[in-house]
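Student: prediction below, plus the sequence it came from.
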Amino acid sequence: MPGSILIVDDEKGQREILSAILQKQGYRIVTVPGGREALKELESAEFDLILTDLKMQGMSGMELMEKILGENNRQCVVMMTAHGTVDSAVEAMKMGAFDYLEKPLEREDLLLTVQRAFEHINLLHENTLLHKKLKETMALPNMIGEHPKMKEVARIISKIAPTSSTVLIYGESGTGKELIAKAVHDGSPRKGKPFFAINCAAIPDTLIESELFGHEKGSFTGAASREIGLFEAAEGGTVFLDEIGEMNVAMQAKLLRAIQEKEIRRVGGKVNVPIDVRIISATNRDLEAEIKKGNFREDLFYRLNVIRVTLPPLRERGSDIAALADFFVKKYSAASGISLKGIAKPALKILMNYSWPGNVRQLESVIERGVLMAESDYIQPEDLPAEVHEEMTHLGKLPFEFPPQGISIEELERDLILKAMERADWIISKAAPLLGMSYKTLQYRLEKFGIEKP
């Protein structure tokens, strides 16, 4: 069976028409005349989709939707509305409704909307199953996602992990570069050996050599005894050099020698010490540009860049946000002893539309705060920080100066549509709310401008 639908409408004739159309498509249909009856039905049975009228005697469709989404943030609701109440239906979508249908209903519009709703429902189910599978296999669910770019990262890791080649990870701050380095280590024969990470930007130039290579007693003020560095301590394992672009050029030369000769010399020492470590490094800088500026050694770059892994920022993998957020809710609920069920749909919509300049690390922080601030079973919009709300508030406002030659409204509209589709991973139903359009209107505009997925 394709799925189950609860139809809520106080007009008997309308219920019968809808039921007849949808039953012919194989859907299991239950009809009720009002909101109270719908809530009672939902207590004893589960439905994939609720199709409800907006204007009804007693409880309105809006009130019904608020109660439904408040208890189950994953419930899918489609609102039916008369021509004069379209604004209310749009408001319902902002509050978490999947879509709306305008009366009198057209059969094709009804079937198309229901079909898209079930595609959305199936995607949510698949994400839930994926999250469960990731958790069971002890993978890195806050790094490995279903977005094609993350699948490519996972593919590269599976290929390179068993080798001893050096790896250079590119990515903005907060994208999870250390987690990728750890995944490479855990997938290699070195898994049982040490994994040490060091942030090159956080260690003063005068101390980084000692941190990596160690020092002999008396080699500098405060060196009261011999200390081994990370390269010796990680024997047989992996050393992760984060923010490698911040390392000074003199130290770069010593690191290059250590990689080439597979040996180091402690600060103040006279004996070379052989080492067996795998080097994984990471940066958020363009190292090739730094080479041209004289800030990074070209020979070291080629030694480090044998395998390159590029992590996409979170804004480019928006389809993973829901699964990541759900993972962090479970993580921080367990850590805080709070029994949260998840994130309410309106709050999730805000998270999906935010640009995430701080990437996954920022999302984790936002969810941790939401867990602590939540006063119900679900994280609500008011539990999210102000900066996330403010970006939603300012969506669509374009603070720019008009160029002397003016602008083309059509070109501007095309660019906005293109950006919205890219943000929504080319899913029309996700891009439409970003532009304040209905699914059909956006579909028409895409055809009009000849915009197609690359």
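Tutor: Yep, it's here.
Student: ok, the closest residue to Gly245 other than its chain neighbours to Ser165 distance?
Tutor: Spatial nearest neighbour of Gly245, excluding adjacent residues (CB to CB, 6 or more residues apart in numbering): Arg285 at 3.7 Å. Heads up, the C-betas are built off the backbone N, CA and C, glycines and all. In this view, Arg285 and Ser165 are 21 Å apart by CB to CB, to the nearest Å.
Student: ok, Ile279 next?
Tutor: In this view, Ile279 and Ser165 are 9 Å apart by CB to CB.
Student: circling back: sec struct for the residue nearest to Gly245, please.
Tutor: Secondary structure, DSSP: H, G, I helix; E, B strand; the rest coil: Arg285 is coil.
Student: tell me the pLDDT of it.
Tutor: Among the per-residue scores, Arg285 shows a pLDDT of 90.
Student: one more: the one 3 residues further on?
Tutor: Glu288 is assigned a pLDDT of 92 by the prediction.
Student: and the one 5 residues further on, by the same measure?
Tutor: What the model reports as pLDDT for Lys293 is 93.
Student: what's the burial count for it?
Tutor: Close neighbours of Lys293, defined as other CB atoms under 10 Å, add up to 8.
Student: check Pro454 too.
Tutor: For Pro454, the neighbour count with other CB under 10 Å is 4.
Student: returning to that earlier point: neighbour count: Ile279 and Ser165, which is higher?
Tutor: Comparing Ile279 with Ser165 by other CB under 10 Å, the one with more neighbours is Ile279, at 22 against 13.
Student: quick one: residues contacting that one.
Tutor: Contacts for Ile279 (CB atoms under 8 Å, 6 or more residues apart in numbering) come out as 166-167, 238-239, 241, 259, 304.
Student: rebuild the residues you listed as CSV, extending it with pLDDT, neighbour count and secondary structure.
Tutor: Below are these laid out as CSV (pLDDT from 0 to 100; neighbours: other CB atoms under 10 Å; DSSP: H, G, I helix; E, B strand; the rest coil):
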residue, pLDDT, neighbour count, secondary structure
Thr166, 96, 18, coil
Val167, 96, 26, strand
Thr238, 96, 24, strand
Val239, 96, 24, strand
Leu241, 97, 25, strand
Ile259, 95, 15, helix
Leu304, 96, 26, helix
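Student: quick check, Ser225 in a strand?
Tutor: No: counting by three-state DSSP, one finds Ser225 to be coil, located in no strand.
Student: contacts only, for it.
Tutor: For Ser225, the contacting residues are Lys217, by CB under 8 Å, 6+ apart.
Student: which of the contacts of Ile279 lies closest to Ser219?
Tutor: Closest approach to Ser219 among these (CB to CB): Val239, at 21.1 Å.
Student: and for Ile244, the neighbour number?
Tutor: By other CB under 10 Å, neighbour count at Ile244 equals 26.
Student: ok, it touching Ala201?
Tutor: No: contact criterion CB atoms under 8 Å: Ile244 and Ala201 do not qualify, at 9.3 Å.
Student: now do the phi/psi pair for Ile29.
Tutor: The phi/psi pair for Ile29 (degrees, to the nearest 10) reads phi -120, psi 140.
Student: for it, which residues make a bridge with it?
Tutor: For Ile29, the beta-bridge partners under DSSP bridges are Ile5.
Student: does it touch Glu16 like I think?
Tutor: No: the pair Ile29 / Glu16 is not scored as a contact, 10.3 Å apart, by CB under 8 Å.
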